[in-house]
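Q: Sequence and predicted structure are below.
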Amino acid sequence: MAKVTLFPQACKGMEDCGICATVCPKELFVSSGEMNEAGYVPPRLTAPQECTGCESCMLSCPDMAIVVVKEKSEKAS
Amino acid sequence: MSLAAHPLRKYTRPHVKKTTTCPGCGNGVVAQAILWAIDELNREEGLTMDDFVFVSGIGCSAWIPSPLFAADTLHTTHGRPIAFATGVKLGLPQQKVLVASGDGDLAAIGGNHLIHAARRNIDLTVVMVNNGIYGMTGGQTAPTTPRGLHTITSPYGTMEPEFNVAAMVAAAGAPYVARWTTYHPRQLKRAIKKGIQKQGFAFIEAISQCPVQYGRVSKLGRATAILEHFKNSSVKLAKAKDMSEAELAGKITVGEFCDRQAPELASQWSALRDALGKEQG
Amino acid sequence: MKAAARLKPGTHFIEGNLALAEGAIAAGCRFMAGYPITPASEIPNRLSQLLPTVGGVFLQTEDEIAAVCSAIGASWAGLKAMTATSGPGISLMQENIGLAASTETPLVIVDVMRFGPSTGVPSVGLAGDVVQVARGSHGDYQIIALCPESPQEMYDHMIRAFNLAERFRCPVFVLPDGFIGHMREQVVIPPDQEIELAQRKIAASGTTPLERQDFLDPEVAPMPVFGRGLQAHVTSSCHNSQGMRNLTDPEVMHTYATMPMQKILRKRDQIVEVAADYAPGDLVIVAYGTVARSARAAAQTARAQGLAVGTLCLKTLWPFPDQEVAAAAQQARAVLVLENNTGQMLPYIKAEAATHCPVQFLGPRLLGQIQEPAAVLARVKEMLS
């Protein structure tokens, strides 16, 4: 399990960028359909619970708009 | 638990809320790779942004550290950041000096400084963002543009072969040289981290996407299409060794070109001063 | 390993370039970057010996562009830094001289001027760069330039150049021609404790750029030197007083270009130096550098012959000594301008003098052969007859 936080105001949009959607192995990123203050349309997560915490979206986002924090499973803790 | 801010924001100037790059630009990926590398060094070795001086030249990628990074930043003239950084490092040998700039800046107009810094082996970490094009000025041919590409200043196709910059820097004597693409952010981060730790001239070439200019002239289009191209064209150096020239045409060789030890300039100056100081009593 | 030693205080008979190198060390210079070039090479030759013995660094660069850039970098690292070259090297450095002016970087640039244009005649001195050092980089900017006329002044002007660079945070040129660079003459070296040295003001620690004024202060802002946790933001782009890039606000653009000029021009009285030796009604010979020596020799002979002849020798070329030239012309019967070139400073001198009295120019009969005092005297007599 992992927690994904999006910073939509920092995002430059699914239309022109969309790197998060390309690199996500689970294809969890889709357009949110809502413009941010700069006029870009950031993504939303379709099924956050399916995130594996691979961090590809976080490392590949050019605008520091995504953070992935791995959550320790109950077994491990 | 929801985060109030991106963890890398502690390394950026608080008043700089946005980057100046176009949507999908690889500069942001490289900026993050640099900051993640520093973040790891912070946790492992206690390095902070106060231990760094960032130097850049002219071009889109020269704006990676300036004004974003919350550290001493020196934004200079076209092609010259390595020359400025050399003076900074010799004056402040205890500081980590990192140069971030583009292929036009470092390999075209500034090519001679790059060669000589590698030869001198001065302790700099140079991150060259290579997007194969002049982006800021509108899509002109760069020395790194693939042969045959129709750019704004090569409307009939470039006739010149592209510059293998990483191989050239390794040949000039740099102790650490690596090349990755923005499709490889983890490897890029590791290479930058290794470069910062290396006592000597470290050169990391980051093949990067310019969706606006390169995307247009290459007809690859969007950032994601260029990243897909990087993914499909990248060949590890170890594998490339066994491939023919024909097989390697159009490929991007990635990996570490060299990782070795060599006498470093700033520390040799410190040693010389110590020796002469002792001799004088 | 035998460490080189500085010349001891006292009287020496040495070449101008060597006196200059000794002056640089005495001034506190701890970084020099340079590229070999005639007739300036004795300066890097000597400083490469001396700098490591005083805790400094000498860097021989791949070209003059790298030389000036690394000296600017070293200055931001907190060192008193310099480079030395001749005309071709200055031509290469120009872009980054503009950077040093606009980023308000203390820097000393020595130009041992030679016969140009182009490769020209390296070993023949000619004051060929007196305008290009002030106007050769693009845009509007202001530098300081000192013009020694003897090996002693090569030493003295280096101390003054570093002090001015530190005080005004700007590039300061020392402009001997090749004749002064290679001239051997008596040089008196004072003990270090008798030399007054200026140090740049440094921004307060524990602050960030938005809490400070790092640039564009008419009284010269404290410098946010690197390596002190000051998060300095230095850019060659147009910037505001905090150093932050601004390419949209016309007020910022105007201030960015003009304030680094104003901080120098407003204090021009503390910078400009001339040697004035004339009386009302004299024919005043205006000269600088090597040919100031011809001017004095000619004036001396003329006076011995009962002629009313004086001299105004310019020790500072930039800021241009406009008031001093105008003041001399107001009292003069005529002005004769001597230069070791075809008249590069003449338009500036005329602009101040020609409304007050007749102005004539005398260049070398053959360019590269400086004016003989006899030739100067002949022209003086012609003008007075």
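A: Okay, I see it.
Q: Distance-wise, check C:N340 relative to C:F173.
A: 16 Å (CB to CB, to the nearest Å). (Each C-beta comes from the backbone N, C-alpha and C, glycine too.)
Q: Which one's more surrounded, those two?
A: C:N340 (29 against 25; other CB atoms under 10 Å in any protein chain shown).
Q: got a list of what the more buried one touches?
A: By CB atoms under 8 Å, 6 or more residues apart in numbering or on different chains, C:N340 lies in contact with C:G125, C:L126, C:A127, C:D177, C:F179, C:G289, C:T290, C:V291, C:G363, C:P364, C:I370, C:Q371.
Q: ok and the residue in the stretch 101-250 of chain B nearest chain A?
A: B:P185 (3.8 Å; CB to the nearest CB).
Q: List only buried entries from the contacts of C:N340.
A: Among the contacts of C:N340, those buried by neighbour count (16 or more other CB atoms under 10 Å in any protein chain shown) are C:G125, C:L126, C:A127, C:D177, C:F179, C:G289, C:T290, C:V291, C:G363, C:P364, C:I370, C:Q371.
Q: Would you mark the buried spots in the strand or helix carrying B:E44?
A: Taking DSSP states H and E as the criterion, the element that holds B:E44 is helix B:27-45. Of all the residues in helix B:27-45, those buried under the rule 16+ other CB under 10 Å are B:27-42.
Q: and the stretch 1-150 of chain B, which residues reach chain A?
A: B:1-3, B:5-9, B:17-19, B:21-29, B:31-33, B:36 (CB under 8 Å from any CB of the partner chain).
Q: Summarise which helices and strands the helix holding B:E44 is packed against.
A: In terms of contacts (3 or more CB pairs under 8 Å, 6 or more residues apart in numbering or on different chains; DSSP states H and E), helix B:27-45 is packed against helix A:56-60, strand B:96-102, strand B:125-130, helix B:185-197, strand B:202-207.
Q: List the neighbouring strands of the helix or strand following it plus their orientation.
A: Sequence-wise, the next helix or strand beyond helix B:27-45 is strand B:52-56, with elements assigned using DSSP H and E. Sheet partners assigned to strand B:52-56 using DSSP bridges are listed as strand B:72-75 (parallel), strand B:96-102 (parallel).
Q: Just the closest residue of the stretch 151-281 of chain B to chain C, please.
A: For the stretch 151-281 of chain B, CB to the nearest CB, closest residue to chain C: B:L276, 4.5 Å.
Q: Return the closest of the buried residues of helix B:27-45 with respect to chain A.
A: Using CB to the nearest CB, B:G28 is the member of the buried residues of helix B:27-45 that lies nearest chain A, at 2.6 Å.
Q: Looks like that closest one contacts A:M64 (just checking).
A: Yes: with contacts counted by CB atoms under 8 Å, B:G28 reaches A:M64, the gap being 7.2 Å.
Q: shared neighbours, those two?
A: By CB under 8 Å, 6+ apart, no residue touches both B:G28 and A:M64.
Q: before we move on, the earlier item: quick check: the gap between the closest residue to the residue of the stretch 101-250 of chain B closest to chain A other than its chain neighbours and C:Y256.
A: Distances taken as CB to CB, 6 or more residues apart in numbering or on different chains place A:L59 nearest to B:P185, at 3.8 Å, with adjacent residues excluded. Computed as CB to CB, the A:L59 to C:Y256 distance reads 38 Å.
Q: before we move on, what about C:L317?
A: 25 Å.
Q: Next: A:T5.
A: 39 Å.
Q: now C:F215
A: From C:F215 to C:Y256 the distance is 8 Å (CB to CB).
Q: more crowded one of these two?
A: C:F215 (27 against 21).
Q: Please enumerate the strands of the stretch 151-281 of chain B.
A: Counting by DSSP state E, counting those that start in this stretch, one finds strands in the stretch 151-281 of chain B at the ranges B:176-181, B:202-207, B:234-236, B:252-259.
Q: looking at those strands, which is buried most?
A: strand B:202-207 (a mean of 29; mean count of other CB atoms under 10 Å in any protein chain shown).
Q: Quick check: neighbours of that strand in the sheet, parallel or antiparallel?
A: Here, using DSSP bridges, strand B:202-207 pairs with strand B:125-130 (parallel), strand B:176-181 (parallel).
Q: could those go into CSV alongside mean pLDDT?
A: Shown next, in CSV, are the strands paired with strand B:202-207 (pLDDT from 0 to 100):
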stretch, mean pLDDT
strand B:125-130, 98
strand B:176-181, 98
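Q: Okay, and residue 25 sits in which element?
A: Reading this off chain A. When elements are assigned from DSSP H and E, A:P25 belongs to no helix and no strand.
Q: oops, I was thinking of chain C
A: helix C:16-26.
Q: who are the neighbours in contact with B:G139?
A: B:I133, B:T151, B:I152, B:Q213, B:Y214, B:R216, B:V217.
Q: Please repeat the previous calculation with a cut-off of 10 Å.
A: B:133, B:145, B:151-153, B:210, B:212-218 (CB atoms under 10 Å, 6 or more residues apart in numbering or on different chains).
Q: filter the residues you listed to the buried ones?
A: B:I133, B:T145, B:T151, B:C210, B:V212, B:Q213, B:Y214, B:G215, B:R216, B:V217, B:S218.
Q: how would you label the second one: helix, strand or coil?
A: Same thing as B:T145. Under DSSP: H, G, I helix; E, B strand; the rest coil, B:T145 falls in the coil class.
Q: what residue ranges in the stretch 201-350 of chain C score low on pLDDT?
A: In the predicted model, the stretch 201-350 of chain C carries no residue with pLDDT under 70.
Q: Could you check how many residues crowd around the closest residue to B:P146 other than its chain neighbours?
A: Nearest residue to B:P146 in three dimensions, chain neighbours excluded: B:E162, at 5.4 Å (CB to CB, 6+ apart). A count of nearby residues for B:E162, using other CB under 10 Å, gives 18.
Q: Give me the pLDDT value at residue 55.
A: This is for chain A. On pLDDT, A:E55 comes in at 96.
Q: My question was about chain C, not that one.
A: Taking C:G55 on its own, its pLDDT is 96.
Q: same check, this time on C:M1
A: Confidence for C:M1, expressed as pLDDT, is 74.
Q: Would you state the helices of the stretch 151-300 of chain C in chain order?
A: C:151-168, C:178-182, C:250-265, C:268-271, C:290-304 (DSSP state H, counting those that start in this stretch).
Q: shouldn't C:A375 be in contact with C:A295?
A: No: taking contacts as CB atoms under 10 Å, C:A375 lies outside contact range of C:A295: 11.5 Å.
Q: and the two? which has more neighbours close in?
A: Taking other CB under 10 Å, C:A375 and C:A295 do not tie; C:A295 has more neighbours (29 against 16).
Q: OK, contacts around the more buried one?
A: By CB under 10 Å, 6+ apart, the neighbours of C:A295 are C:149, C:277, C:284-288, C:309-313, C:336-338, C:362, C:371, C:373, C:376, C:380.
Q: Cool, thanks, signing off.
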